[in-house]
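In: Give me a model of this one.
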Amino acid sequence: MTASDRVLWERASGGDSGAFGELYDRHVRVIYNFLYRRTGSWSDAEDLTSAVFLHAWRRRNEVVLDRESALPWLLRAADYTVRNEWRAKLRYRRALAAAHLLADHQRDHADEVIGRLDGDRQLEQARAALKHLPRQQREIVELCIWSGLDQQAAAIALDIPLGTVKSRLSRARKHLRELGISDLSKTSVETQP
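Out: Down below sits the predicted model:
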């Protein structure tokens with residue numbers, strides 16, 4: 001019988017790295033895919049996934065699980081991690097611009113290769129559609145539709161009331177239908193780290 005996240009997390013909190021490894025194996029794909037969809041870059045998603053699980057290991061004694069699942073907490077940590085990364089990159093670009101060192105931005109060769117893949121084109125189209133949504137609605141779509149969380153788990157991940165999740169998801173779906181997008185779940189690109 002497979003141990004629940006709560007049992008594994010309790011063992012990991014006591015220092016059992018094997019239990020934490022099981023949690024990692026159980027949730028790494030969802031976290032990686034979430035970060036990949038947010039960044040559009042496989043290399044950034046790999047780095048950020050590592051950072052999320054390192055953060056989880058360091059904070060393992062403080063984690064609050066939702067109905068025996070660590071996934072909402074991990075997705076919330078992933079969201080904070082990617083936002084911090086964006087802020088750091090923005091500060092770096094501003095510093096370069098201030099120093100007049102920012103030349104014409106050239107895309108990384110890896111990003112060009114990734115951009116040629118069909119799955120990535122679908123992802124970019126979906127990400128472009130999501131840009132038309134307010135941030136709060138976009139977060140709900142990313143968690144409930146792309147990452148497969150139920151509404152209660154999304155509420156835990158975002159630290160908002162369940163009713164707020166329901167109304168934001170409803171408004172997001174209506175807004176996407178108005179844009180001619182009926183089903184974002186078909187653009188849910190699944191990749192492996």
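
In: give me every residue that touches the one residue sitting closest to the centre of the chain.
Out: Closest residue to the average C-alpha location of the chain: residue 34 at 3.2 Å, with C-alpha atoms, centre = their mean. Listed by C-beta atoms under 8 Å, 6 or more residues apart in numbering, the contact set of residue 34 reads 75, 78, 142, 146, 147. In this view, the C-beta of every residue, glycine as well, is placed from N, C-alpha and C.

In: Need the single longest helix in this protein, by residues.
Out: helix 71-98 (DSSP state H).

In: In that one, which residues are buried?
Out: Across helix 71-98, burial judged by 16 or more other C-beta atoms under 10 Å covers 71, 72, 73, 74, 75, 76, 77, 78, 79, 81, 82, 85.

In: Turn those residues into JSON lines, including pLDDT.
Out: Written out in JSON lines, the entries for the buried residues of helix 71-98 read as follows (pLDDT from 0 to 100):
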{"residue": "71", "pLDDT": "89"}
{"residue": "72", "pLDDT": "89"}
{"residue": "73", "pLDDT": "89"}
{"residue": "74", "pLDDT": "92"}
{"residue": "75", "pLDDT": "90"}
{"residue": "76", "pLDDT": "90"}
{"residue": "77", "pLDDT": "92"}
{"residue": "78", "pLDDT": "93"}
{"residue": "79", "pLDDT": "90"}
{"residue": "81", "pLDDT": "91"}
{"residue": "82", "pLDDT": "90"}
{"residue": "85", "pLDDT": "86"}
